[in-house]
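J.: Fold the following and give me the result.
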Amino acid sequence: MFDRNRFENREQAGEMLAQHLSAYAGRTDAIVLALPRGGVPVGYVVAKHLQLPLDVFLVRKLGMPGHEEFAMGAISSGGTRFLQEDVVRSYGISERVIDTVAQGELLELERREKLYRAGRPPLELAKRVVILVDDGLATGSTMKAAALAVRKANPAKIIVAVPVGAAESFEKLRSDVDDIICLRTPDPFYAVGTWYVNFTQTSDDDVIRLLDDAAQGTKEREDKVSHYQV
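T.: Next up is the predicted model:
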């Protein structure tokens, strides 16, 4: 029996999220940016329901040396960083250590950019409504880094849209985005995966397949519009 407090999977979460974003359906000035890898299945469904272009925005957690699962911050494509200053101070992490970790993550970001896009250029963000999607927010560090980087591209509006998140994580984001849509903020939160019945890992192949399919759908819509304008 389905637990009403949990999403069946990322696809169902995307369908529910799309209902709360219906005001942006079909708009030519709006796009969906998904945070890989887990945010891509959610973003794919959102973009498909709203008939919007889908792209990825790559962000990597900056893990504590020796305890990589513990985030001391995050870094996005282009090098924009967000640091958990309280964590950095508490553990006495030096700038040199942060730079070393950041350089390693930048290399991984570059690898994924080439792999996921397969030569497709990033979507234009300037003067557009950017809907940033992930499968959930725990600390909010990766989404914060994404929002800071996207803001540099001069979008018309930034909307963070997630199915589930820790209430305190949104406080880090409010000054950097225009709107936040979150379907559930359970307390206690535990972890993102807790709130999904099926939370299997999203693979690189999954990301590539969904992005390819979304790009084909966008091209078909554009071709249809061009046909009617002739």
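
J.: any idea how far residue 221 is from residue 181?
T.: Distance, residue 181 to residue 221, using CB to CB, to the nearest Å: 24 Å. All C-beta spots, glycine's among them, are computed from the backbone N, C-alpha and C.

J.: brain fart, residue 178
T.: From residue 178 to residue 221 the distance is 26 Å (CB to CB).

J.: With residue 28 instead?
T.: Between residue 28 and residue 221 the distance is 10 Å, computed by CB to CB.

J.: Between the two, which is the more surrounded one?
T.: When neighbours are counted by other CB atoms under 10 Å, residue 28 and residue 221 differ, and residue 221 comes out ahead with 14 against 9.

J.: Might one say that that one is in contact with residue 48?
T.: No: Residue 221 is not in contact with residue 48 according to CB atoms under 8 Å; the separation is 10.9 Å.

J.: quick one: contacts for the residue nearest to the spatial centre of the chain?
T.: Centroid check for the chain by CA atoms, centre = their mean gives residue 35 as the closest residue, at 2.7 Å. Residues counted as contacts of residue 35 (CB atoms under 8 Å, 6 or more residues apart in numbering) are 43, 56, 57, 58, 59, 132, 133, 134, 142, 143, 146.

J.: Export the residues you listed as a markdown table, with columns for secondary structure and neighbour count.
T.: Formatted as a markdown table, the contacts of residue 35 follow (DSSP: H, G, I helix; E, B strand; the rest coil; neighbours: other CB atoms under 10 Å):
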| residue | secondary structure | neighbour count |
| --- | --- | --- |
| 43 | helix | 32 |
| 56 | strand | 25 |
| 57 | coil | 27 |
| 58 | coil | 25 |
| 59 | strand | 26 |
| 132 | strand | 25 |
| 133 | strand | 31 |
| 134 | coil | 28 |
| 142 | helix | 25 |
| 143 | helix | 31 |
| 146 | helix | 29 |
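
J.: for residue 25, what are its contacts?
T.: Per CB under 8 Å, 6+ apart, neighbours of residue 25: 49, 50, 51, 52.

J.: sorry, that was for residue 11
T.: 41, 42, 45.

J.: From the residues you listed, which land in helices?
T.: Among the contacts of residue 11, the members falling in helices (DSSP state H) are 41, 42, 45.

J.: For the first one, which non-adjacent residue is spatially closest?
T.: Closest residue in space to residue 41, ignoring its immediate chain neighbours: residue 10 at 4.0 Å, by CB to CB, 6 or more residues apart in numbering.

J.: Can you list the low-confidence ranges for the protein?
T.: 1-4, 222-230 (pLDDT under 70).

J.: Would you map the helices across it?
T.: Using DSSP H, helices in the chain cover 10-19, 39-50, 85-90, 95-117, 141-151, 204-229.

J.: out of those helices, which comes closest to residue 123?
T.: When the helices of the chain are compared by CB to CB, helix 204-229 sits nearest residue 123, at 9.3 Å.

J.: Can you give me the distance of residue 106 to residue 77?
T.: In terms of CB to CB, residue 106 sits 8 Å off from residue 77.

J.: So between the two, which is more surrounded?
T.: Remark: of residue 106 and residue 77, residue 77 carries more neighbours, 19 against 16, as counted by other CB under 10 Å.

J.: by contact count, what packs against the longest strand anywhere in the chain?
T.: For the chain, the strand with the greatest residue count under DSSP state E is strand 67-76. Packing contacts for strand 67-76, counted by 3 or more CB pairs under 8 Å, 6 or more residues apart in numbering; DSSP states H and E, involve strand 59-64, strand 81-83, helix 85-90, helix 95-117, helix 141-151.

J.: That strand: partners in the sheet, and parallel or antiparallel?
T.: Strand 67-76 has its sheet partners listed here by DSSP bridges as strand 59-64 (antiparallel), strand 81-83 (antiparallel).
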